[in-house]
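# sequence and predicted structure, then a few things I'm wondering about:
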Amino acid sequence: AQKITQTQPGMFVQEKEAVTLDCTYDTSDPSYGLFWYKQPSSGEMIFLIYQGSYDQQNATEGRYSLNFQKARKSANLVISASQLGDSAMYFCAMREGFGNQFYFGTGTSLTVIP
Amino acid sequence: DSGVTQTPKHLITATGQRVTLRCSPRSGDLSVYWYQQSLDQGLQFLIHYYNGEERAKGNILERFSAQQFPDLHSELNLSSLELGDSALYFCASSVSPSSGRAAYNEQFFGPGTRLTVL
């Protein structure tokens, strides 16, 4: 089974609107971390936000928030007030416990429309 | 700037050749990861080194090898290159798995090396 699943290959959002990018994960480890990265067309990978499995509250970083639903094993990224510069690929990732490996999803391409 | 450096930024070579990609992790990070990202593809995990030792292997071809040196920099060697090896190769570093709540420590990515095999 896939460790990380991103089911939306591409998404469009109007500028200034909010958008949710979906991510589901699969693990039996009670301790894990969930991460979102942004990859603009220039290619670099930019860390956005993380959620720990024991965190009681959803993580927020500026316009980014993570809708963490543990029972459903989902960790959706919410971008509020979208900007043109948000157009990029977005990757969801997971690290289990003290595991050595990060698992990445296939990514979602977000396009912000003026 | 993530603090992870990769050289070279771009590399153009011919099929059958061998190249070496270099990565220096963030200061203090003992773990180095290598990823391959082909055109319009996600990230494929290749290999992970921790403090000089190989810790995990992903979808790494036998033609590829890596090592981490005592100063913690890492090199990824790609040999007998094929057209399909053209990709963006990322190095990432992270705090060591054994230090505290490692699951909660993100990876920091270098800018990548774009390899073009002609």
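Looks like it arrived, so ask away.
# residue 59: what's it in contact with?
You didn't say which chain, so I picked chain A. Going by CB atoms under 8 Å, 6 or more residues apart in numbering or on different chains, residue A:59 touches A:49-51, A:65-66, A:68. The way it works is simple: take the backbone N, C-alpha and C, and place the C-beta from them, glycine included.
# that's the wrong chain, I meant chain B
B:36, B:44-46.
# near chain A too, which of the residues you listed?
Restricting the contacts of residue B:59 to those near chain A by CB under 8 Å from any CB of the partner chain leaves residue B:45.
# and the contacts of residue B:59 as TSV, adding secondary structure?
Listed next are the contacts of residue B:59 as TSV, based on DSSP: H, G, I helix; E, B strand; the rest coil:
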residue	secondary structure
B:36	strand
B:44	strand
B:45	strand
B:46	strand
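# for the contacts of residue B:59, give me JSON lines that also has neighbour count.
Shown next, in JSON lines, are the contacts of residue B:59 (neighbours: other CB atoms under 10 Å in any protein chain shown):
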{"residue": "B:36", "neighbour count": "23"}
{"residue": "B:44", "neighbour count": "16"}
{"residue": "B:45", "neighbour count": "20"}
{"residue": "B:46", "neighbour count": "21"}
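# ok, the contacts of residue B:59 vs residue A:97, which is closest?
residue B:45 (17.0 Å; CB to CB).
# and that closest one, how far from residue B:18?
Relative to residue B:18, residue B:45 is positioned 22 Å away (criterion: CB to CB, to the nearest Å).
# same check, this time on residue B:53
With CB to CB as the criterion, residue B:53 and residue B:18 are 24 Å apart.
# residues touching residue A:30, list them.
Applying CB under 8 Å, 6+ apart, the residues near residue A:30 are A:53, A:97.
# quick check: beta-bridge partners of the residue nearest to the spatial centre of chain B?
The centroid of chain B falls nearest to residue B:34 when counting by CA atoms, centre = their mean (2.6 Å). Beta bridges link residue B:34 to residue B:47, residue B:91, judged by DSSP bridges.
# separation between it and residue B:76?
Using CB to CB, one gets 5 Å for the distance from residue B:34 to residue B:76.
# residues from chain A in reach of chain B?
Proximity of chain A to chain B (CB under 8 Å from any CB) is limited to residues A:31-33, A:35, A:37, A:43-47, A:50, A:52-53, A:91, A:93, A:95-107.
# show me where chain B has its strands.
For chain B, the strands defined by DSSP state E cover B:5-7, B:10-13, B:19-24, B:31-37, B:44-50, B:53-57, B:64-68, B:74-78, B:87-94, B:108-109, B:113-117.
# what do you get for chain A?
Ranges of strands within chain A are A:4-5, A:10-14, A:19-21, A:24-25, A:32-39, A:46-52, A:60-61, A:64-69, A:74-79, A:88-96, A:102-104, A:108-113, based on DSSP E.
# re earlier: what touches both of residue B:34 and residue B:76?
B:23, B:46-47, B:66, B:89, B:91.
# from residue A:46, how far out is residue B:21?
Residue B:21 is 21 Å from residue A:46, where distance means CB to CB.
# likewise residue A:40?
Going from residue A:40 to residue A:46 by CB to CB gives 7 Å.
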